[in-house]
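Chemist: got a predicted structure plus its sequence, pasted below:
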Amino acid sequence: MYKVLIVEDEAPSARKLKMLLGKIVEDFEVINILESIEECLEFFESGEQVDLIFMDIHLSDGNSFEVFDQMEVDTPIIFTTAFDQYAIKAFKQNSIDYLLKPINVSDLEKSVEKFKKIYASDNSSNESINYELLGKMVAQQVSQEYKERFMVSYRDELRSIRVEDIAYIFAESKAVFIQVNDGKVYDINYTMDQVEKNLNPKKFFRINRKYIVQIDAIESVSWYSKTKLRVFTTPEIPTELFVPADKITKFKDWLNQ
């Protein structure tokens, strides 16, 4: 029985992958599903061993290649990605298999067969895979994956709003809005999770369920209590905005990048 780890921050995608593996492979056991770089580092530091990892490139707290910057991982990895503009070139040059989302059964079967043929049959390792090079190739093209503009409706017009002009994004009454630096507010046909995925994490931070803030819109930050930071923005957010305790360290690192 092969132990399998799934690293995927979108719960529906993780459930689907686990379900597909259960249908097509009898000797795979998914032992855990992780959602972030932080969880990956904790898992690998624990010393727990797996035989194969399915890893999404784009996680909620950054690019999954950041894991390899901090520790050596010898386990075979099949990467998953929703972006194909660089994946084919980068991954084929490094002899690494990858799956383009949404994952279909045929592609998954081929990846599993490749794993068994290359790794499982002769106990070979990942030593020939240059994760550092692959990470650099992805980083060189990473800007391509993030949106540069949002198309919005305004009265009888369609307007194109540049991402750099957005101060923050917020959810209200089951709708999502962008607040522009000039004070205007527009609704967009996205969920907060979709917006977060489409924005550069170096520029935008998901403070809580309802707010994503652009770094240049932050006017000041102050301690509200021992476990909360309060954020002030321009334009001003009409409600008090707090960074919860579990995000303070990550938020401070983001501000200090």
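Modeler: Received, thanks. Numbering: from 1, shown residues only.
Chemist: the helix or strand containing residue 68 - contacts with which helices or strands?
Modeler: Element membership for residue 68 (DSSP states H and E) is helix 66-70. Applying 3 or more Cβ pairs under 8 Å, 6 or more residues apart in numbering; DSSP states H and E, we find helix 66-70 packed against helix 37-45, helix 131-140. Placement of C-beta: from N, CA and C, glycine included.
Chemist: which SS class is the closest residue to residue 217 other than its chain neighbours?
Modeler: Once flanking residues are discounted, residue 217 sits nearest to residue 167: 3.8 Å by Cβ to Cβ, 6 or more residues apart in numbering. Of the three states, residue 167 takes strand under DSSP: H, G, I helix; E, B strand; the rest coil.
Chemist: now residue 167: how far from residue 204?
Modeler: In this view, residue 167 and residue 204 are 10 Å apart by Cβ to Cβ, to the nearest Å.
Chemist: quickly list what's touching both of those two.
Modeler: Residues touching both residue 167 and residue 204 by Cβ atoms under 8 Å, 6 or more residues apart in numbering: 213-214.
Chemist: run through who's touching stretch 213-220.
Modeler: By Cβ under 8 Å, 6+ apart, stretch 213-220 touches 166-168, 181, 202-205, 207, 231-235, 241, 254-255.
Chemist: which among the residues you listed end up buried?
Modeler: Applying 16 or more other Cβ atoms under 10 Å to the contacts of stretch 213-220, the neighbour count classes 166-168, 181, 203-205, 207, 231, 233, 235, 241, 254 as buried.
Chemist: which regions of the chain sit below the pLDDT cut-off?
Modeler: Per-residue confidence for the chain (pLDDT under 70) gives these ranges: 83-96, 120-145.
Chemist: for the residue sitting furthest away from the middle of it, phi and psi?
Modeler: Here the chain reaches farthest from its C-alpha mean at residue 156, the gap being 35.2 Å by Cα atoms, centre = their mean. In terms of degrees, to the nearest 10, the main-chain angles of residue 156 are phi -100, psi 20.
Chemist: quick revisit: which of the buried ones among the contacts of stretch 213-220 fall in helices?
Modeler: Among the buried ones among the contacts of stretch 213-220, the residues falling in helices (DSSP state H) are residue 254.
Chemist: same list, the buried ones among the contacts of stretch 213-220, but as JSON lines with distance to residue 105 please.
Modeler: Output for these, formatted as JSON lines (distance: Cβ to Cβ, whole Å):
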{"residue": "166", "distance to residue 105": "39"}
{"residue": "167", "distance to residue 105": "43"}
{"residue": "168", "distance to residue 105": "40"}
{"residue": "181", "distance to residue 105": "46"}
{"residue": "203", "distance to residue 105": "37"}
{"residue": "204", "distance to residue 105": "35"}
{"residue": "205", "distance to residue 105": "37"}
{"residue": "207", "distance to residue 105": "38"}
{"residue": "231", "distance to residue 105": "45"}
{"residue": "233", "distance to residue 105": "46"}
{"residue": "235", "distance to residue 105": "48"}
{"residue": "241", "distance to residue 105": "44"}
{"residue": "254", "distance to residue 105": "38"}
